[in-house]
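K.L.:
have a look at this prediction, sequence included:
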Amino acid sequence: LRSTCSTMSAAAATQRTTVLSTYRILSRLVRCMPESKQAPALQELREGYRKNLSAPQDQVDELINEAGKKIAYLRIITPKREWTGSAAERSEDGTTRWVYSSDGKSADSKGTVRKSGQVHSNWDGKNLDPCSVNRHNQQLKRAGFV
C-alpha cells in the first residue's frame, strides 16, 4: 500500500511539473505575440488553466497533450523577438557587425567597436594544454601512427 501511494504521489508531482512548465512556455510565447493579440490570449490562457485546476488525472494527460499542440502552433505563428540594439548597430537583415581594434577606434561608422587586447592563455611553448595533448594523441591513434 505504501509503494502504491508513493508512486501515485511521484506521478502527481511529475504531472505538476509538466503542467507548470507548459504554462510557463505558453505564457512566454503569448508575451511574444503582437500587442493587439497579447492581452486576450493571456486572459484565455489563465482562464483555461484555472478552469481545469481540479481536473481528474486521465483528463490532465489529454490537457497536457493539447497544451503541447498549442505550444507547437504558437512557436510557428509568433514573430521572433526584435533585437533591441540601436539602428546604427544592426543592418536591415538583423545582423550586427563588430569591429575589433587594439586602439579602440572604429575604421568605419557602421560597426560597434570592441577593444581587443592580447589573448591570455595559461598554455605556451613550455607547458602544453592537457586537453590538446589528449586530442593530439587520440588523433595519432586514429590515423594509425601509434
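P.N.:
Structure received. Quick caveat, the model's predicted, so the values are computed rather than measured. Numbering: from 1, shown residues only.
K.L.:
the strands in the protein, which residues?
P.N.:
Applying DSSP state E to the chain gives strands spanning 98-101, 112-115.
K.L.:
quick check: mean pLDDT of the last one?
P.N.:
For strand 112-115, the mean per-residue pLDDT is 60.
K.L.:
now do the first one
P.N.:
Strand 98-101 shows an average pLDDT of 62 in the prediction.
K.L.:
below-threshold pLDDT in this structure: ranges please.
P.N.:
Within the chain, the segments meeting pLDDT under 70 span 1-12, 80-121.
K.L.:
how far away is the spatially closest residue to residue 52 that is not a sequence neighbour from residue 14?
P.N.:
The spatially closest residue to residue 52, leaving aside those adjacent along the chain, is residue 63, at 5.7 Å (C-beta to C-beta, 6 or more residues apart in numbering). In this view, the C-beta of every residue, glycine as well, is placed from N, C-alpha and C. Distance, residue 63 to residue 14, using C-beta to C-beta, to the nearest Å: 15 Å.
K.L.:
ok, now residue 20?
P.N.:
From residue 20 to residue 14 the distance is 11 Å (C-beta to C-beta).
K.L.:
before we move on, what about residue 62?
P.N.:
Distance from residue 62 to residue 14, counting by C-beta to C-beta: 16 Å.
K.L.:
please apply the same query to residue 130.
P.N.:
Counting by C-beta to C-beta, the gap between residue 130 and residue 14 amounts to 41 Å.
K.L.:
repeat that for residue 58.
P.N.:
Applying C-beta to C-beta to residue 58 and residue 14 gives a distance of 15 Å.
K.L.:
so for the two, which sits in the more crowded spot?
P.N.:
residue 14 (10 against 7; other C-beta atoms under 10 Å).
K.L.:
done for today, thanks.
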